[in-house]
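Undergrad: Sequence unavailable; structure follows:
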């Protein structure tokens, strides 16, 4: 019994929903044809715009985040105990500056051992070379001694390099953003020691759409601003333009920004890039709403007398709510900007009062 009641309720709900959809569609159809009835004479009410040439301003702005010019994590190349720490977080460092020292006592002993082996191998090689000249040893024996000498030389160079690596040096100039070790701590090969960032120049990463990206090139100057410093402006230069669009069909653009003036900008802040492009020659531009369906249709209606005439044009760049027309329209023509849904070629029209 209960199951039957539920079924009946569901059927009634579905019927009500269908009725609402049909009623809503009827209202939409009535609204779509209302303009015809309002004219009284059967003419379709439309809005128009006069075709004229305009100067096109292609300047645009794009927002993004500042990133450090270089940002790296310095890792330990030797195992050992930290015996000296020469910098703290926030310290400014130069490329090649010693930041810390890893205990090199064992490494020094390795160098001494490698030097002894190298000297012995060198003496053996000299003796074998002298004996080979008098026929005392064979060519194979001399080659084996030469190989042993080269191996000893390689081991000595490796031992010396490990001693050099016990002096942890800054690979770039910048600021110590993080110090991951303490004096006396033991580190292994690959352990993080310092994070160093270079913010003397920053990278502002923004995007440009397909219309904008064709008007910029690498090396172009760009004005940079930040909401954090509304009274300051910064100089930027386009460093990279992606050859491929991202998933949003925009092209990533990277701008190098000079930050040497007290380095007030910091990585992670928001920035705005303003691209000021050369003034374009005046061209015919019409409202985007003039096109039948979409801009890709390349069709619109113009006014001829008191009738609408369908016309084929060639659309150019889409400039926001305006569209450039390359061919098919002349200055002074009247293009219909609304009411096209009720038009066919030759339909009588009436201008809508504003």
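TA: Cool, got the structure. Everything quoted here is computed from the prediction, not taken from an experiment.
Undergrad: Now the helix or strand hosting residue 112: buried residues?
TA: Assigned by DSSP states H and E, residue 112 belongs to helix 105-134. Buried residues in helix 105-134, defined by neighbour count with 16 or more other CB atoms under 10 Å: 107, 110, 111, 114, 117, 118, 121, 124, 125, 128, 132. All C-beta spots, glycine's among them, are computed from the backbone N, C-alpha and C.
Undergrad: Could you give me the buried positions within stretch 84-99?
TA: By 16+ other CB under 10 Å, the buried positions in stretch 84-99 come out as 85, 87, 91, 93, 99.
Undergrad: one step back: same for the helix or strand following the helix holding residue 112, what does it pack against?
TA: Later in the chain than helix 105-134, the nearest helix or strand by DSSP H and E is helix 139-165. In this structure, helix 139-165 packs against helix 105-134, with contacts taken as 3 or more CB pairs under 8 Å, 6 or more residues apart in numbering; DSSP states H and E.
Undergrad: Could you list every helix and strand in contact with the helix it packs on?
TA: helix 139-165.
Undergrad: for the record, mean pLDDT for the helix holding residue 112?
TA: Averaging pLDDT along helix 105-134 yields 87.
Undergrad: Measure how it sits relative to helix 139-165, angle-wise.
TA: 160 degrees (axes from the mean of the first three to the mean of the last three CA atoms, to 10 degrees).
Undergrad: Now do helix 105-134: distance to the chain's middle.
TA: Distance of helix 105-134 from the chain centroid (CA atoms, centre = their mean, to the nearest Å) equals 56 Å.
Undergrad: Same question for stretch 55-65.
TA: Between the centre of stretch 55-65 and the centre of its host chain there is 16 Å, according to CA atoms, centre = their mean.
Undergrad: and what of stretch 137-148?
TA: Offset of stretch 137-148 from its chain centre (CA atoms, centre = their mean): 59 Å.
Undergrad: In terms of helix, strand or coil, where does the spatially closest residue to residue 229 that is not a sequence neighbour fall?
TA: For residue 229, ignoring the flanking residues on the chain, the nearest one in space by CB to CB, 6 or more residues apart in numbering is residue 264 at 6.4 Å. Using DSSP: H, G, I helix; E, B strand; the rest coil, the structure places residue 264 in coil.
Undergrad: quick one, what contacts residue 79?
TA: By CB atoms under 8 Å, 6 or more residues apart in numbering, the contact set of residue 79 is 102, 186, 187, 188, 189.
Undergrad: just the buried members of those residues?
TA: Listed as buried from the contacts of residue 79 are 102, 187; burial here means 16+ other CB under 10 Å.
Undergrad: can you name the two of the contacts of residue 79 that are farthest apart?
TA: Greatest spatial distance in the contacts of residue 79: 186 and 189, 11.8 Å, computed using CB to CB.
Undergrad: Moving along the chain from whichever strand or helix holds residue 309, name the first helix or strand you hit.
TA: Applying DSSP H and E as the criterion places residue 309 in strand 307-312. The C-terminal neighbour of strand 307-312 among helices and strands, as given by DSSP H and E, is strand 314-319.
Undergrad: and that next one, how far out from the chain's middle?
TA: 26 Å.
Undergrad: That one pairs with which strands?
TA: Strand pairing for strand 314-319, using DSSP bridges, gives strand 322-327 (antiparallel).
Undergrad: Pull the contacting residues for residue 69.
TA: Residue 69 makes contact with 198, 199, 200, 201, 202, 203, 256 under the criterion CB under 8 Å, 6+ apart.
Undergrad: just for the protein, where's the confidence low?
TA: Flagging of the chain using pLDDT under 70 yields the residue ranges 1-11, 13-16, 19-41, 353-354.
Undergrad: redo that, cut-off 80
TA: Low-confidence segments of the chain (pLDDT under 80): 1-42, 56, 105-107, 260-263, 279-280, 320, 353-354.
Undergrad: How is it divided into domains?
TA: As given by automatic domain parsing, the domain ranges for the chain are 38-56+280-354, 60-69+198-275, 74-193.
Undergrad: any chance of these in TSV, with distance to residue 18 too?
TA: As requested, the domains of the chain are exported to TSV (distance: least, CB to CB, whole Å):
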stretch	distance to residue 18
domain 38-56+280-354	26
domain 60-69+198-275	39
domain 74-193	64
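Undergrad: What number of residues are in the vicinity of residue 327?
TA: Per other CB atoms under 10 Å, the neighbour tally for residue 327 reads 11.
Undergrad: Give the closest residue to it in space, chain neighbours not counted.
TA: Per CB to CB, 6+ apart, closest to residue 327 is residue 314, 4.1 Å.
Undergrad: residue contacts, that neighbour?
TA: Applying CB under 8 Å, 6+ apart, we find residue 314 in contact with 298, 325, 326, 327, 328.
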